[in-house]
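Enquirer: A structural model of the following input is requested.
(chains A and B)
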Amino acid sequence: MTERPLTAKMHEDGSAVDLAAYEQAGGYQSVRKILSGMEPKQVTQMVKDANLRGRGGAGFPTGTKWSFVPLGKDVPDPTYLICNADEMEPGTFKDRLLMERDPHQLIEGMIGAAFAIEADVAFIFLRGEYILAAERVERALAEAYAAHYLGRHILGSPFSLEMYLHVSAGRYMCGDETGLLNALEGKRANPRMKPPFPTTAGLFGKPTVVNNVETLCCVSHIVNHGSEWFRNLSRTSDGGTKLFGVSGKVKHPGLWELPMGTTPREILEGHAGGMREGVAFRALIPGGASTEFIVEGDLDLPMDFSGLKPAGSRMGTGTMIVLDDKTCPVGLIRNLMAFFSRESCGWCTPCWSGLHWSERILTAMEQGGGENGDIEKLHQLASWWAPGHTFCALAPGAAEPLESGLKHFRDDFEAHLREKRCPWK
Amino acid sequence: MLSAEEVREIEAETTRYPRRDAACIDALKIVQRHRGWISDEGIRDVAGLLNMSADEVDGIASFYSLLFRKPVGRHVILLCDSVSCWVMGYETMRRRLEELLQIKLGETTPDDRFTLLPIVCLGCCDRAPAMLVDRDLHVNLDGETIGRVLGKYS
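Expert: Numbers count the residues shown, from 1 in each chain, chains lettered A, B, ... in the order given. This is a model prediction of the structure:
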């Protein structure tokens, strides 16, 4: 048993683990275990007891989500399982590794998840730009079908599962749970009203679970080694390990599987080697564009789904973006708002209109055209993006770096207005 | 008109879904792969095959960033402009590409060799700045290597 289950089987040379190597290393044992007499509810209970929480960033308890799916013979077929592999959160590069290097781990986890929710059909919803991942997942699916881990009567059991790779056609909105459902139905990726939640009325109106790649990759290990073992991988009450990443001007940007609850300082200084020569640390965004900045004093908090609350932030996807003292924080926030504005699907007015407005204000500030009152306008806009004002989490996500940025970098915003220029240019 | 090959490929996609129109995005991707982009005729072709209105198909085609409703060059450059690449030198890469190709973002070179487009985070933030040219990912770009990368595409 390894302390780093998600990355243990990966080859050093960057190639994908094929079926033979995967089985050699103990792969697909969880499928045999499940199909030799486990009940769907037992699998769900194991995942619940493991305290596995959704790795897409929101941290919803995975077993609880599964338990909302109606089970039994009276449920009209099909039930769907969807893997959200639409990794597009700026600064996030963890699911790419899991799919490119060990695609069978994802397929095995999906078989376990599909069994637990009695799914008949599973889709891997992959962003179109992940070309290598698409090739490797497609090859792994063919291997898994040939070895009878997928298809009719898996390994001779009564359980059947069809699994398809769906390669998407772009747009960040597809990563939103209900936007994804619309995209998979061949429509524009606008969000849907909730309730009803996808677990009761999802893809084509059928019960549907949508889980992130990293979440699903944990499932086989929980089934194989037990809930307590999985909980003990973590330093905190959220179970398991976590893929943590660092990008920005650090010595060694990268991605590491570490215990849940590892601190930003350990990751930044221990694994990423600290800042490059000539630049100093100012702040970081802990997990993708949709999380709040944290600063030096927050670096010893535990990174899990609640550990960054004292800093007013959250772990999100766990892949940190570092802001250094030679980079303009207003420019960085402008970049984030331009991203959110462009990716807004246009469904909700506070989002499409407000995000574009914020981008215009920030662009003007960067070009020396900022005006008194701009900071207050940005606060006002961000307040209109609060959860509940829009159908999905895109605009609330945008408010997180904007509001925390206005708090931490107030002096920098004021300098742009006072000097009528960007002091970094 | 759809070719026999296009029809065969689109029909194969429809078997995955309970409704034919659910294969609309797959169908548009197939048309684009065969024709390079999706013309008004391509929209009408897909609409006819999947029993949809042309306006409905156009609404979908125009939503997705990897579906092209205008002709593109022989090679499409998707330059990542998200936050990690921005910190690591996106602006320099954009200026260098615009200078080398003599076009702005969103444009195609007069010889139809390259189309230059922005793209959201390509998910290789530890190797920023990055760009995708056709199916090839290029990482750790700098102002000098970026010119050599372009030389590989004729």
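
Enquirer: name the nearest residue to the residue of chain B most remote from its centre, sequence neighbours excluded.
Expert: In chain B, the residue that sits farthest from the middle, by C-alpha atoms, centre = their mean, is B:Pro18; the gap is 27.9 Å. Nearest residue to B:Pro18 in three dimensions, chain neighbours excluded: A:Phe204, at 5.5 Å (C-beta to C-beta, 6 or more residues apart in numbering or on different chains). To be clear about C-beta, it is placed using only N, CA and C from the backbone, and glycine gets the same treatment.

Enquirer: quick one: that neighbour is in a helix?
Expert: Yes. Under the criterion used here (DSSP: H, G, I helix; E, B strand; the rest coil), A:Phe204 sits inside a helix.

Enquirer: what's near enough to touch it?
Expert: Applying C-beta atoms under 8 Å, 6 or more residues apart in numbering or on different chains to A:Phe204 gives the contacts A:80, A:185, B:17-19, B:22.

Enquirer: now do the SS call for A:Leu6.
Expert: Following three-state DSSP, the label given to A:Leu6 is coil.

Enquirer: do I have it right that B:Leu49 meets B:Ala27?
Expert: Yes. Counting by C-beta atoms under 8 Å, B:Ala27 is a contact partner of B:Leu49 at 6.9 Å.

Enquirer: flag every residue of chain B that's near chain A.
Expert: Contact residues (C-beta under 8 Å from any C-beta of the partner chain) of chain B with chain A: B:16-19, B:21-26, B:28-29, B:59-60, B:63-67, B:78, B:81-84, B:86-88, B:119-128, B:132, B:135, B:137.

Enquirer: which among the residues you listed count as buried?
Expert: For the residues of chain B next to chain A, a burial check counting by 16 or more other C-beta atoms under 10 Å in any protein chain shown picks out B:17, B:21-26, B:28-29, B:60, B:63-67, B:78, B:81-84, B:86-88, B:119-128, B:132, B:137.

Enquirer: mind listing which of those residues are in helices?
Expert: B:24-26, B:28-29, B:60, B:83-84, B:86-87 (DSSP state H).

Enquirer: reformat those as CSV; add distance to A:Glu296 and pLDDT.
Expert: CSV is the format used below for these (distance: C-beta to C-beta, whole Å; pLDDT from 0 to 100):
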residue, distance to A:Glu296, pLDDT
B:Cys24, 50, 97
B:Ile25, 46, 98
B:Asp26, 49, 97
B:Leu28, 49, 98
B:Lys29, 47, 98
B:Ile60, 47, 98
B:Val83, 20, 98
B:Ser84, 20, 98
B:Trp86, 22, 98
B:Val87, 18, 98
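
Enquirer: just name the closest of those residues to A:Ser227, please.
Expert: Taking C-beta to C-beta as the measure, A:Ser227 sits nearest to B:Ser84 out of those, at 35.3 Å.

Enquirer: buried residues, stretch A:409-425. List them.
Expert: Those would be A:409, A:412-413, A:415-417, A:421-422, for stretch A:409-425 by 16+ other C-beta under 10 Å.

Enquirer: likewise stretch A:185-193?
Expert: A:185-192.

Enquirer: B:Leu49 and B:Ala27: which has the busier surroundings?
Expert: For B:Leu49 versus B:Ala27, neighbours defined as other C-beta atoms under 10 Å in any protein chain shown are more numerous around B:Ala27 (32 against 20).

Enquirer: next one: the nearest residue to A:Ser157 once chain neighbours are set aside from chain B, what distance?
Expert: Excluding its sequence neighbours, the residue lying closest to A:Ser157 (C-beta to C-beta, 6+ apart) is A:Leu35, at 4.2 Å. Using C-beta to the nearest C-beta, to the nearest Å, one obtains 25 Å as the distance from A:Leu35 to chain B.

Enquirer: dump the residue contacts of A:Leu35.
Expert: Shown in contact with A:Leu35 (C-beta under 8 Å, 6+ apart): A:115, A:154-155, A:157, A:159.

Enquirer: please state the backbone phi and psi of it?
Expert: Taking degrees, to the nearest 10, you get phi -80, psi 0 for the backbone angles of A:Leu35.

Enquirer: ok, A:Ala85 next?
Expert: Note on A:Ala85: its backbone torsions stand at phi -110, psi 30 [degrees, to the nearest 10].

Enquirer: could you find the closest non-adjacent residue to it?
Expert: Among residues not flanking A:Ala85 along the chain, A:Leu126 sits closest, at 4.3 Å (C-beta to C-beta, 6+ apart).

Enquirer: how close does the one you found get to chain B?
Expert: Separation of A:Leu126 from chain B (C-beta to the nearest C-beta): 11 Å.

Enquirer: which residues does that residue form beta bridges with?
Expert: According to DSSP bridges, the residues that bridge with A:Leu126 are A:Ala85, A:Val167.

Enquirer: tally of neighbours for it?
Expert: A:Leu126 has 24 nearby residues by other C-beta under 10 Å.

Enquirer: so who does it touch?
Expert: With contact taken as C-beta under 8 Å, 6+ apart, A:Leu126 is in contact with A:85-86, A:99, A:133-134, A:137, A:165-168.

Enquirer: any chance of those residues in a markdown table, plus neighbour count and pLDDT?
Expert: Below are the contacts of A:Leu126 laid out as a markdown table (neighbours: other C-beta atoms under 10 Å in any protein chain shown; pLDDT from 0 to 100):
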| residue | neighbour count | pLDDT |
| --- | --- | --- |
| A:Ala85 | 28 | 98 |
| A:Asp86 | 29 | 98 |
| A:Met99 | 26 | 98 |
| A:Ala133 | 28 | 98 |
| A:Ala134 | 21 | 98 |
| A:Val137 | 26 | 98 |
| A:Leu165 | 17 | 97 |
| A:His166 | 21 | 97 |
| A:Val167 | 21 | 97 |
| A:Ser168 | 24 | 97 |
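
Enquirer: all good on my end, thank you.
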